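In: with the sequence up front, the predicted model follows.
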Amino acid sequence: MSPTTRDPDRFTALSAELGICFGGDYNPEQWPREVWAQDVELMREAGVNLVTVGVFSWARIEPAPGAREFAWLDEVLELLHGAGIAVDLATPTASPPAWLGIRHPETLPVDLDGVRLVAGSRNQFTPASRVYRAHALAITRDLAARYAQHPAVRMWHVGNEYGQLDYGDEAAREFRRWLRERYGSIEAVNDAWATAFWSQHYAGFDEIVPPRRMPYIANPAQAVDFRRYSSDQLRACYRELRDAIRDAGAAQPITTNFMGFFAHVDYRSWAGEVDVIADDQYPDPASATAPADIALVQDLMRSLGGGRPWLLMEQSVSATSWRGHNLPKSPARARRDSLQAVARGADGVCFFQWRQSRAGAERFHSAMVPHAGADTDVFRGIVRQGADLARLRPVVGSRVQAPAAILFDWPSWWASDEPALPTDRLDTVTEITRWYRALWRRGIAADIVAPAGDLIGRGLVLVPHSYILEPDAAAALAAAVDAGAQLVVGPFSGVADGNGHILAGRSPAPLRELLGVSGEEWCALPDVRISTTPAWRPGAAYAASILGERLRSDGAEVLACHATGPLQGLPVLTRQRRGAGAAWYLGAVVDDGLLDAVIGEAATGIDGALPGLRVLPDGLEAVRRGDALFLLNHSDDPVKVPVPHGLVDLLADEQAAGEETGTVVALGPGDVRVLIERQDR
Amino acid sequence: MSPTTRDPDRFTALSAELGICFGGDYNPEQWPREVWAQDVELMREAGVNLVTVGVFSWARIEPAPGAREFAWLDEVLELLHGAGIAVDLATPTASPPAWLGIRHPETLPVDLDGVRLVAGSRNQFTPASRVYRAHALAITRDLAARYAQHPAVRMWHVGNEYGQLDYGDEAAREFRRWLRERYGSIEAVNDAWATAFWSQHYAGFDEIVPPRRMPYIANPAQAVDFRRYSSDQLRACYRELRDAIRDAGAAQPITTNFMGFFAHVDYRSWAGEVDVIADDQYPDPASATAPADIALVQDLMRSLGGGRPWLLMEQSVSATSWRGHNLPKSPARARRDSLQAVARGADGVCFFQWRQSRAGAERFHSAMVPHAGADTDVFRGIVRQGADLARLRPVVGSRVQAPAAILFDWPSWWASDEPALPTDRLDTVTEITRWYRALWRRGIAADIVAPAGDLIGRGLVLVPHSYILEPDAAAALAAAVDAGAQLVVGPFSGVADGNGHILAGRSPAPLRELLGVSGEEWCALPDVRISTTPAWRPGAAYAASILGERLRSDGAEVLACHATGPLQGLPVLTRQRRGAGAAWYLGAVVDDGLLDAVIGEAATGIDGALPGLRVLPDGLEAVRRGDALFLLNHSDDPVKVPVPHGLVDLLADEQAAGEETGTVVALGPGDVRVLIERQDR
Amino acid sequence: MSPTTRDPDRFTALSAELGICFGGDYNPEQWPREVWAQDVELMREAGVNLVTVGVFSWARIEPAPGAREFAWLDEVLELLHGAGIAVDLATPTASPPAWLGIRHPETLPVDLDGVRLVAGSRNQFTPASRVYRAHALAITRDLAARYAQHPAVRMWHVGNEYGQLDYGDEAAREFRRWLRERYGSIEAVNDAWATAFWSQHYAGFDEIVPPRRMPYIANPAQAVDFRRYSSDQLRACYRELRDAIRDAGAAQPITTNFMGFFAHVDYRSWAGEVDVIADDQYPDPASATAPADIALVQDLMRSLGGGRPWLLMEQSVSATSWRGHNLPKSPARARRDSLQAVARGADGVCFFQWRQSRAGAERFHSAMVPHAGADTDVFRGIVRQGADLARLRPVVGSRVQAPAAILFDWPSWWASDEPALPTDRLDTVTEITRWYRALWRRGIAADIVAPAGDLIGRGLVLVPHSYILEPDAAAALAAAVDAGAQLVVGPFSGVADGNGHILAGRSPAPLRELLGVSGEEWCALPDVRISTTPAWRPGAAYAASILGERLRSDGAEVLACHATGPLQGLPVLTRQRRGAGAAWYLGAVVDDGLLDAVIGEAATGIDGALPGLRVLPDGLEAVRRGDALFLLNHSDDPVKVPVPHGLVDLLADEQAAGEETGTVVALGPGDVRVLIERQDR
């Protein structure tokens, strides 16, 4: 594979010039030419400075095999450039024209039922198809040759939301190739997949097929390797288009858009391939926990980029349309969502899409310019956002302070997501999300880190659910504790090795010495009660469910026990002090109350963004980014909080900032403040 | 396509001779010959005068390709004719013999997963198959040639419950042909389908396939056109068989059986093809609203026939068997269901089926002669029904008085049923059904009308949910209001044009001037409260959910507002007086209470079937058909209602009618009265 | 077909030598050789005397087509034999190697959607494939030739959990062959399937396909015949391998493992083919009724073997992993489960599996040696079980006393499980299970008998739901009543003949004279109330739901009536005395209270295992096997019950047994006693 080519300076230079990037997907091919001029005028009114063009233009550019129609695109780029709007030019490769599947049916994906999917929606290609890839490469080369030096083009956007799966014969061939590269020999595959079980031994690579529909439960190691392959195969598609663009002399940043905790792609293995991390985020307005939950996603994206600014590539202005029931956002909510991304490290805030499509599958997905036109609250909100973001230029390039670390990686998630577990009610991302909320309400940002990275100096390290935990990762955790960290480990961690083979001996095998506790059986749990011990919060009552472990203390202090259920009387929460730190273990899926109590106590030594408050008022989010203190009131009630002296609000005009008396700042429902020491701007 | 050949006089002549048609599907091929004689004797006992023969007889007539076995059918027809029972002779084309699919697999339908369905049930054909159609035509021609002049045959029944879908290669070919006919050029298709979205542009018709399984949401315009094609393709099947029968010299009425609000066929486009509207109706006895809901279906059928009498072709005597849990009907309930159909314009009441099948998939579908035989409450109930219907001969041919009009059409329903909407909880037929109940409980029958028809003179026009509303339809509504109508429009109406493209500008674009109100965003709603304004029912509290709209009044009187939720304070109910009428707008899906209040108030000027009562007692249905007043007590309680002086009950003997004192008529639980001015009979 | 070859003496001889068999599936090919020695040592520690080897070893023995690798198996058998552990040697034919499906795709099963299933799990073969069967036969012949005389091999285990379904072209060919054998002519098929319905007549066998995906409901008779075929086809696979082993000179017992009330195989038709009934049992620890419910399964297995001892071939030590949420068993629960099987006639208690697999789809299925190793409660529990079972040698070979009989057979279950019934909420096995609980809580064991068997002398005969009931079965019931039995018949019994054709006339046609009651319509029921009559428990109030019947008494005493609902006032419970007995009829699905009251009263003359108690304390199970009285306390509370004088507890040491004072025995929560008259042992 090609070497990592990431160069973050390319985006740094762009944002230094533009300030916070602001804009959205722009699909002019859906509109007559007279609308284009109105678009540009409205973009200027809103302060738009970056639009993504061409994501779905393949059939427009290549209406028949080999044709090239670039004139319209030339015109669009000129128009935008003339208005001072930068272009993020997309390869149109996510959605091939219908003729490709008609002429080359093997380019169409086959799902796990063996059904070959057809055109009529989007994304009807398999990344395993050489024919698809040749066509995608050809159009990308021509696009890059034509526009690499075009002054309007300031960024490149490869594909779109890579995530296509394929289980067909094309995939079988590529999966075998991938396995050969990964393992070298078929016996190495047999070992990794433990094919002695259920008579699954393979005598050769040609006997292997993707995990299609089977009579019963699939081999989990095969299934996880197929997930790895699928992620890698998509990455190969991305890489060859990116390299083609670079080979054409393009100097702009190149990226593609991620999708948060997306199950089918290991973004950590992709992070080194993009010049800037870009992400699509669609929190559900119907969810009361959405502000905290999307903050976790934003912390993940920032972490994938090594702490550098990232780009919110897509979000919705108001409602989405792909959910069953799509609640709208108010303009105030949309503004707060955008500012939250900046608070958590974004140097760009874009939307899908500029102008709402009159037809097609996204006709009800909201847009910056809605069906009802520009004389609407939605568009006025966009104008306000543009003005707000312009005021935030001082934060461009600055870093978020994240004192906590949370372990997460895709292969562990995948392995714990295969069927035939003690319970199917335990999900890695759900658990991380629950744990993260305890940090969020304390104003503590977190880096979402890979296992085995250096954790020395971290005050707080959380391992909510790391099913796979290899020895180097365990060693890094022990070293962090020795150096002073409070480590909190959640249940069903340290279960398996990198192939998903269960580790022998008492559990969690790689951590039991560090934790001072060990178990002999994981147990799906009914709803049970938890009692704390006199040593810790005597009398408090909590609950557990989903999964527990038949534990004994091997030296750790027992802080809580099962009060009912199959593990009655056994430990559920322990702490072992060690070196300068301590290692906590939660041996069951406990309720939010106990989880918050444990994390809160482990975080005692950590300062949140508002050090004067251990816990923030309900719904208030506080983040420090560089010199700025972001306060976002996600609640429907006004709040007041103490802040350091002498700050001004970047979003308000001078007078408004001056209104703050003393050290208390007030935020109305839904309000946002970005406080910074007075400075020349 | 062939010209419409409808001639309603053919059925008028038949019913004038027979009186109310009464009978059912008769499948003698399932029984030994000795049972046939018993059947005919029992039919005579019950007053049966019409039976449908041959619906599933293809394999019996043509057990091998090209064979013809008609002797048994000759005998059945002779037997029935000898007993004075008219025959509705069916083409057996709904269910081909197994040999057709074995010899010509391309005649078998392919579902949207690409699975080719097999024989073993029924209906295993695709209407796109030329081979199927040739076989169906051949047997129909022979049948018609043999029986067109047979004196037993008084009606023809083509196919059965047309509704077969197919997504296979045969369908692809026919869909392309249909598109070519509809659009002329591929660019016209691209415009109609807005294929600039998601790179879906087609360079030629050969690139188009049916909307099979796709990676993501299908193009909604393509999907709706495939629904149109499917309905039209089935109609073509019907037409060629009907024409063959007519060409053989048959002078009898020809029809096929509809299925109410059936999603896969646009019956309005079929109505001109049948000599009499015939419908299959299976209300669920477990549903408390079934009486009102089936009344709506009956009003639809009457409306499809231009107000002329129609035929209840199939219903169940007691339980169905295709539901998960099939509650029975009591004989009294079965009788009331039959009389309800007559009340609402039917001149025929038939059942599926005459004798309960001992085996097969419908062995538990009830029948006129049940497994337990004729010495049963079920059969005694049938005998009673026969006698009742004979007494109703005076109403034959008369028309129902329907002062209200409700807009409904299939393409609008289809377009609003495609995925990716603000909410998937809003269904056109569900809404129409809810609205209709407010009329039903006031004794107001409705015509279910196509958009753009003439509405001048209507006192009340309801538009519960017309997602597509073209300019001519909007103009007809405005004209009706000017002429004095109370118009009530429901939410998410006037959203899209005929291709399903969202109309630009404030919503509802084609009606906003008429309504004096406009919106800028449709919003999926959580459960919210609605408060009426002092101008209208001050203090009343209602609720809304599912969908609302960000509205402002542009002159209309605001009668109610959102009291909570994302649209708090905005209008939800408005009224604009105009000309001699008024236009009401309900900008959200409101609860039954508010819906009833609005429709009740809009209906103030309309007389129901019992003008003395604005609202009927719970469960009482009242309909005026010709000179007769039908009163049906669907409740478990006795009711008394005032009626005009001097009426007699057609169903009761003279004494019973004489019992009515003064102007009040009493109905016991489940009872039915058909009151008419005393006359010679 | 080959003649039945069952010889129960083969297993009798083995258990006489070994005592209660104790062990589990042993899969040494999953482990390095050094683990094997530890395994044998631990087996000896636990008292293991029988292990099943080779169930999933096909790919290990035949890694490439035609290869044979037996050396490792030789070594395993020698090792076990050297340690005195008997081997149940399996044919590895349940799970073919991947190469078989790659080289011969027609060996792979096709599901009812037409999807060909692939390797990667297990069981990927169709029993219809000649190629699969030739390969399975070849490896079985070689295995038998090599090991038939091996002294370690004491039993043979053919295949594993036979249950594979296939709807593909291979199955079509074999289904047609099977139909030809069963029916002789295509017209006999047409009659049995009633193909006059829906035009399904077949002109030849070649027109018939398996019941794959169809446009609508399948012909139920065809579907039931396909179930019969599938069961028979699997049996043919079993038979040819068993015969090959016998032909190689093997004298050991041969069997395969059943799965209780498994829907896809008619075990009664298999029972004569195995030398000992062996069964896999996985009661759900989350179910409060599991102890009674699994007792029913054990009574079924014992009955299938004609009352002879059977073998619990697989169970879990703690949690399973194939459920969504897999609660563990405590060691005490695991012990009680094993002893329960012995109580109900098992002479062997085995587990899946010996050592927990580190990888593969069953990595979380518990095992005798868990991931955490031998120093665990789980393994200590196994050691205790081994010791307990050794103490139970006196019960080996003895029979359970089962005074009651319950009618059950697979074809009736199948026919009542096809769709399009009055209700889909009535399931035969659910009903039998509910009825059985009333016996279990009275300490009354039951034989689960085929219809038409001799029932003379039975004091209590239950027919919970025998949808199909042929004349000879009805005659046997009448004879039993005449001879003194209390017969209780449940609703929807005696509905259909052997082809599933509904019986004409009042229902239940074959029983109405015996019961003195008859109905004219089965009715799906809403929830209704039931009132008893003054003649029987005046004033008691019960409920019914799901299904009732429009009944009248034709002479039977009416004991309860519908108090509400569509059958208000009609009988629901009747009793007719006849000869020396009485026939009870429950004409609706009644609640547990009424069911228990009826069965309790009908059981008045029957002695349970503890004759002094009509109803046992909650959770206590009592069974008499031979001279032993088994008492199992499944509850969390201690219980005391009176027992005969002078018994000792086989499980306790002498002192413990002596502790029992007088005639009362105390059992702690979860405790088990096996009481027997003092004797030399």
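Out: The structure has been received and is ready for your questions. Numbers count the residues shown, from 1 in each chain, chains lettered A, B, ... in the order given.
In: which stretches of the stretch 101-250 of chain A form strands?
Out: A:153-157 (DSSP state E, counting those that start in this stretch).
In: who in it is up against chain B?
Out: By the rule Cβ under 8 Å from any Cβ of the partner chain, the part of the stretch 101-250 of chain A lying against chain B is A:102, A:109, A:111, A:113, A:115-124, A:164. Backbone N, C-alpha and C define where each C-beta goes, glycine included.
In: filter those residues down to the ones near chain C?
Out: Counting by Cβ under 8 Å from any Cβ, A:Asp113 from those sit close to chain C.
In: out of the residues of the stretch 101-250 of chain A next to chain B, which sit inside helices?
Out: Judged by DSSP state H, these include A:Ile102 as members of helices.
In: just give the number of residues close to A:Arg550.
Out: Neighbour count of A:Arg550, defined by other Cβ atoms under 10 Å in any protein chain shown: 26.
In: confidence score at the residue of chain A positioned farthest from its centre?
Out: For chain A, the largest distance from the centre (Cα atoms, centre = their mean) belongs to A:Pro534, which lies 40.7 Å off. A:Pro534 is assigned 94 on the pLDDT scale.
In: with A:Gly658 instead?
Out: Model confidence at A:Gly658, given as pLDDT, is 48.
In: now swap in A:Thr5 and tell me
Out: A:Thr5 is assigned 72 on the pLDDT scale.
In: surely it is within a helix?
Out: No: per DSSP: H, G, I helix; E, B strand; the rest coil, A:Thr5 lies outside any helix segment and is coil.
In: look up how far chain C lies from it.
Out: Distance from A:Thr5 to chain C, counting by Cβ to the nearest Cβ, to the nearest Å: 36 Å.
In: got it, and A:Tyr229?
Out: Counting by Cβ to the nearest Cβ, the gap from A:Tyr229 to chain C is 14 Å.
In: my guess is that residue contacts A:Arg177. True?
Out: No: the pair formed by A:Tyr229 and A:Arg177 falls short of the contact definition of Cβ atoms under 8 Å, at 9.2 Å.
In: higher neighbour count, the two?
Out: Set A:Tyr229 next to A:Arg177 and count neighbours by other Cβ under 10 Å: A:Tyr229 wins out with 22 against 14.
In: check contacts around the more buried one.
Out: Contacts for A:Tyr229 (Cβ atoms under 8 Å, 6 or more residues apart in numbering or on different chains) come out as A:Glu174, A:Phe175, A:Trp178, A:Leu179.
In: tell me the pLDDT at the first one?
Out: Per-residue pLDDT puts A:Glu174 at 98.
In: count the neighbours of A:Gln298 for me.
Out: Here the number of neighbours of A:Gln298 (other Cβ under 10 Å) works out to 25.
In: likewise A:Trp435?
Out: 25.
In: dump the residue contacts of it.
Out: Counting by Cβ under 8 Å, 6+ apart, A:Trp435 makes contact with A:Ile406, A:Leu462, A:Pro464, A:Val488, A:Gly490, A:Leu595, A:Ile599.
In: same question, A:Ile217
Out: Counting by Cβ under 8 Å, 6+ apart, A:Ile217 touches A:Pro419, A:Ala420, C:Ser121, C:Trp322, C:Ala361.
In: make TSV out of the residues you listed and add secondary structure, pLDDT and distance to C:Arg575.
Out: Formatted as TSV, those follow (DSSP: H, G, I helix; E, B strand; the rest coil; pLDDT from 0 to 100; distance: Cβ to Cβ, whole Å):
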residue	secondary structure	pLDDT	distance to C:Arg575
A:Pro419	coil	97	50
A:Ala420	coil	98	50
C:Ser121	coil	98	52
C:Trp322	coil	97	44
C:Ala361	coil	98	52
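In: nearest to chain B, of those residues?
Out: C:Ser121 (21.6 Å; Cβ to the nearest Cβ).
In: name the nearest residue to the closest one, sequence neighbours excluded.
Out: Using Cβ to Cβ, 6 or more residues apart in numbering or on different chains and skipping the chain neighbours, the partner closest in space to C:Ser121 is A:Met214 (3.9 Å).
In: any idea how far the one you found is from A:Pro419?
Out: Distance, A:Met214 to A:Pro419, using Cβ to Cβ, to the nearest Å: 11 Å.
In: who's more crowded, these two?
Out: It is A:Met214, of A:Met214 and A:Pro419, that has more neighbours when counted by other Cβ under 10 Å, with 21 against 14.
In: pretty sure that one sits against C:Arg116.
Out: No: assessed by Cβ under 8 Å, A:Met214 is found out of contact with C:Arg116, at 10.6 Å.
In: top of the contacts of A:Ile217 by number of neighbours, please.
Out: With neighbours defined as other Cβ under 10 Å, the most crowded of these is C:Ala361; it has 26 neighbours.
In: check contacts around the closest residue in space to A:Trp198 that isn't next to it in sequence.
Out: Leaving aside its chain neighbours, A:Trp198 sits nearest to C:Arg122 (4.3 Å; criterion: Cβ to Cβ, 6+ apart). C:Arg122 is in contact with A:Trp198, A:Ser199, A:Gln200, A:Pro215, A:Tyr216, C:Phe56, C:Ala94, C:Ser95, C:Ala361, counting by Cβ under 8 Å, 6+ apart.
In: count of neighbours near the fourth one?
Out: This points to A:Pro215. Count around A:Pro215 with other Cβ under 10 Å applied: 21.
In: contacting residues around it?
Out: Applying Cβ under 8 Å, 6+ apart to A:Pro215 gives the contacts C:Pro109, C:Leu117, C:Ser121, C:Arg122, C:Asn123, C:Gln124, C:Gln164.
In: rerun at 10 Å
Out: For A:Pro215, the contacting residues are C:95, C:108-109, C:111, C:117-125, C:163-165, by Cβ atoms under 10 Å, 6 or more residues apart in numbering or on different chains.
In: once you drop chain neighbours, what's closest to it?
Out: Nearest non-adjacent residue to A:Pro215 (Cβ to Cβ, 6+ apart): C:Asn123, at 4.5 Å.
In: now the closest residue to A:Arg578 other than its chain neighbours: how far from chain B?
Out: The shortest distance from A:Arg578 to any non-neighbouring residue, by Cβ to Cβ, 6+ apart, is to A:Val481 (5.3 Å). As defined by Cβ to the nearest Cβ, A:Val481 lies at a distance of 46 Å from chain B.
In: hang on, the earlier thing: give me the common contacts of A:Met214 and C:Arg116.
Out: Common contacts of A:Met214 and C:Arg116, defined by Cβ under 10 Å, 6+ apart, comprise C:Leu108, C:Pro109, C:Gln124.
In: pLDDT and distance to A:Met43 for those residues - can I get that in a markdown table?
Out: Listed next are the shared contacts of A:Met214 and C:Arg116 as a markdown table, based on pLDDT from 0 to 100; distance: Cβ to Cβ, whole Å:
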| residue | pLDDT | distance to A:Met43 |
| --- | --- | --- |
| C:Leu108 | 98 | 57 |
| C:Pro109 | 98 | 59 |
| C:Gln124 | 98 | 58 |
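In: where does the stretch 551-681 of chain A dip in pLDDT?
Out: For the stretch 551-681 of chain A, applying pLDDT under 70 flags the ranges A:653-662, A:678-681.
In: change it to 50
Out: A:655-658, A:681 (pLDDT under 50).
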